[in-house]
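Trainee: sequence plus predicted model, see below.
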Amino acid sequence: MEHRCLECGEAAAEPRLKYCENCGAKMPEFKPPPLVETEGAEDGGGAVSKARVPKKSTYTGPKWLEHVPAHSPTVLGVILHLLALGLSILPTLAGPGPFWSFVMVLGVLPVVAREYRLGNEPNPLVDWVPESFSSPSVVAAYASLSVALVLPMLEFSIQPLLWIGGTLLVMLDQWYKVFAHPEGVAPLFEPRQLIRGQRVLALAGIAVCLLSALIFTWVVEGEVAQATYRTAAERVRAGELRPAVDSVYGGAGGLKLTGMEIPFGSTVEVGLLAILVMLMLKPEVDRPVWLRFVPAGVTVISLAWVLVNMGMKVGPILFLAGLLPVGLVSAMQAIGRDDLLPADDSAEPPPPDPGYEGMDGPTEDGYPPEYVHSPPEDEDMRG
C-alpha cells in the first residue's frame, strides 16, 4: 500500500517521511502492515501471504533440560560418557580399554531408546531398537558398569570429570526408575551381606586388590636393566662402545604404570566388583546353580593375570596377598558351603527302622524301652 500526501496526492518515495516532498504538507502517520496474516488472504496485487507464527514449546520441565534430547538427564549423562570415551582414544589419557569402550557405546542405544519412549518422543535413530533390548535390567547393567569403570578413568585431566558427571546423572535419574522401583533390582540385594560371616574376608581382599591396582606401580616401561660390571675388553668384544648404564644406581628411567593401565586391568577390576555384587544377593533370591562357580572363575582369571605381570614391585605382590582370601571365599561358594545361605530342607528324613515298629519312642537315656529294665540276676549271686 502506497503512502500518499493528503494535499497533493503525491506518493512518498519513503513511507516514513513526515513532510511531502512536492508540496511540503504534513504527511499522515505511517502504520506498518501487521507481521502476522492469515493464510489465504490476498493483497491488492493478488499475491497470497502465509502466516508466520512462531511455534511455542510445550516443555514445562527444568530449564537446563529444555534443549537436551528427550529432556532426560540420562541422555545428557550418556553424552558425557561418549565424550569421555572419545578422549580416551588419545594415548596420553586413561581409558577402560577397547572392549569395555565398545560395550558402553553399544549400551547407549537401548538406554537412549528407552528414554525417548518414556518421553513419548519419536526419534528415527533409535526407534528401531526393540523394547525387549530396552528393559530395566539392561539400563541397570549400563548404570552399574559406568560406576565400575570410574576407577580406570581416574587421572588428573578433564576426562574423569566428564565420566563421573555422566555417571552421577545416569544414576540419579535411573535410581527410582530401575533400581528402587518396587519391581526394580535393588530389593534383590542387601549390602550388609558383605560384612557377615566369611564374606567380610572377600570384601577386605577385593579392597586390597583394587587399591594395589590403582595406586602402586606394577610395570615400568623402558626401564634400564641393572648394570653388571664388565671390563673394557669384554665390552669391545661385545661391540659396545659405552657401558650399558652410566648411572651407578641402575634400573633408572622408564614410565611407571599401575595395574589399571596395563592390558586387561579393567576386566579384572570389573570381575572383582562383580563378585561383590553376587555376594550381596539376599539368601532368599532364586539363583541358577552355575552362578556359584562365577567367583571361582574370576579368581582364577585374576590369578593368571597377576602371575603374568608379576615382578618385584609392591603392586602385584599386594594384589596377590589380597587375592588369597577372595580365593578362599570363592572356593567355599563353589562347593556350596556358604554360611549365609539357608540349608537344603528338601531332603526327606530317613524312614524309621522297621525293627522298632510298634514300640514306644526312646527313653530319656536314648535306649528303646525293651532295654530299660533291671539287669538279670546271676545264679552265683543267689544266697
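Mentor: Received, thanks.
Trainee: need the helices for the stretch 201-350 of the chain, in chain order.
Mentor: Ranges of helices within the stretch 201-350 of the chain are 232-237, 265-279, 294-308, 314-334, based on DSSP state H, counting those that start in this stretch.
Trainee: hang on, isn't Lys26 packed against Lys18?
Mentor: Yes: with contact defined as CB atoms under 8 Å, Lys26 reaches Lys18; the gap is 6.7 Å. Placement of C-beta: from N, CA and C, glycine included.
Trainee: show me the protein divided up by domain.
Mentor: 1-34, 70-188, 189-224+255-335 (automatic domain parsing).
Trainee: okay, now the last one: how far is its last residue from its first?
Mentor: The one in question is domain 189-224+255-335. 22 Å (CA to CA, to the nearest Å).
Trainee: repeat that for stretch 190-200.
Mentor: Terminal residues of stretch 190-200 lie 14 Å apart, using CA to CA.
Trainee: that older thread, out of the domains of the chain, nearest to Pro62?
Mentor: Smallest distance to Pro62 across those (CB to CB): 8.2 Å, for domain 70-188.
Trainee: averaged pLDDT, that closest one. What do you get?
Mentor: In this model, domain 70-188 has an average pLDDT of 91.
Trainee: show me how far it is from its chain's centre.
Mentor: 7 Å (CA atoms, centre = their mean, to the nearest Å).
Trainee: from here on, call the first residue 55.
Mentor: Will do, 55 is the new start, and the previous item becomes domain 124-242.
Trainee: any chance of the domains of the chain in a markdown table, plus mean neighbour count and distance to Pro116?
Mentor: Output for the domains of the chain, formatted as a markdown table (neighbours: other CB atoms under 10 Å; distance: least, CB to CB, whole Å):
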| stretch | mean neighbour count | distance to Pro116 |
| --- | --- | --- |
| domain 55-88 | 12 | 36 |
| domain 124-242 | 17 | 8 |
| domain 243-278+309-389 | 17 | 31 |
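Trainee: just put those domains in TSV and tack on distance to Tyr113.
Mentor: Below are those laid out as TSV (distance: least, CB to CB, whole Å):
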stretch	distance to Tyr113
domain 55-88	29
domain 124-242	6
domain 243-278+309-389	36
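Trainee: do you know which of those lies nearest Lys117?
Mentor: domain 124-242 (10.7 Å).
Trainee: helix/strand/coil for Pro176?
Mentor: Secondary structure assignment for Pro176 (DSSP: H, G, I helix; E, B strand; the rest coil): coil.
Trainee: ok, it to Lys72 distance?
Mentor: Distance from Pro176 to Lys72, counting by CB to CB, to the nearest Å: 55 Å.
Trainee: and what of Val162?
Mentor: 63 Å.
Trainee: for Leu203, same thing?
Mentor: Taken as CB to CB, the span from Leu203 to Lys72 is 72 Å.
Trainee: and if you look at Ala261?
Mentor: From Ala261 to Lys72 the distance is 85 Å (CB to CB).
Trainee: figure out the helix or strand that Ser155 lives in.
Mentor: helix 152-172 (DSSP states H and E).
Trainee: next secondary structure after that helix?
Mentor: Counting by DSSP H and E, what follows helix 152-172 is helix 190-202.
Trainee: list of residues touching stretch 155-172?
Mentor: 123-124, 126, 128-129, 132, 135-136, 139, 142, 149-150, 176-177, 180-181, 183, 185, 187-189, 192-193, 195-196, 199-200, 203, 224 (CB atoms under 8 Å, 6 or more residues apart in numbering).
Trainee: got the angle for the helix holding Ser155 vs helix 190-202?
Mentor: 130 degrees (axes from the mean of the first three to the mean of the last three CA atoms, to 10 degrees).
Trainee: give the contact list for Gly219.
Mentor: Gly219 neighbours (CB under 8 Å, 6+ apart): 131, 134.
Trainee: over to Val339?
Mentor: Val339 is in contact with Leu242, counting by CB under 8 Å, 6+ apart.
Trainee: next one: phi and psi at Arg250?
Mentor: Dihedral pair for Arg250: phi -120, psi 140, per degrees, to the nearest 10.
Trainee: among the helices of the stretch 255-404 of the chain, which comes closest to Val232?
Mentor: Closest among the helices of the stretch 255-404 of the chain, using CB to CB: helix 319-333, at 15.1 Å.
Trainee: which elements pack onto the closest one?
Mentor: On a contact count with 3 or more CB pairs under 8 Å, 6 or more residues apart in numbering; DSSP states H and E, helix 319-333 meets helix 152-172, helix 190-202, helix 204-207, helix 253-269, helix 348-362, helix 368-388.
Trainee: got those as CSV, with distance to Glu237 columns?
Mentor: Shown next, in CSV, are those (distance: least, CB to CB, whole Å):
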stretch, distance to Glu237
helix 152-172, 15
helix 190-202, 8
helix 204-207, 27
helix 253-269, 27
helix 348-362, 25
helix 368-388, 28
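Trainee: what's the closest of those to Leu311?
Mentor: Proximity to Leu311 (CB to CB) singles out helix 368-388 among the helices and strands packed on helix 319-333, at 9.2 Å.
Trainee: what's that closest one packed up against?
Mentor: Helix 368-388 packs on helix 253-269, strand 271-275, helix 319-333, helix 348-362, going by 3+ CB pairs under 8 Å, 6+ apart.
Trainee: name the helices or strands packed onto the longest one?
Mentor: Judged by 3+ CB pairs under 8 Å, 6+ apart, the packing partners of helix 253-269 are strand 309-312, helix 319-333, helix 368-388.
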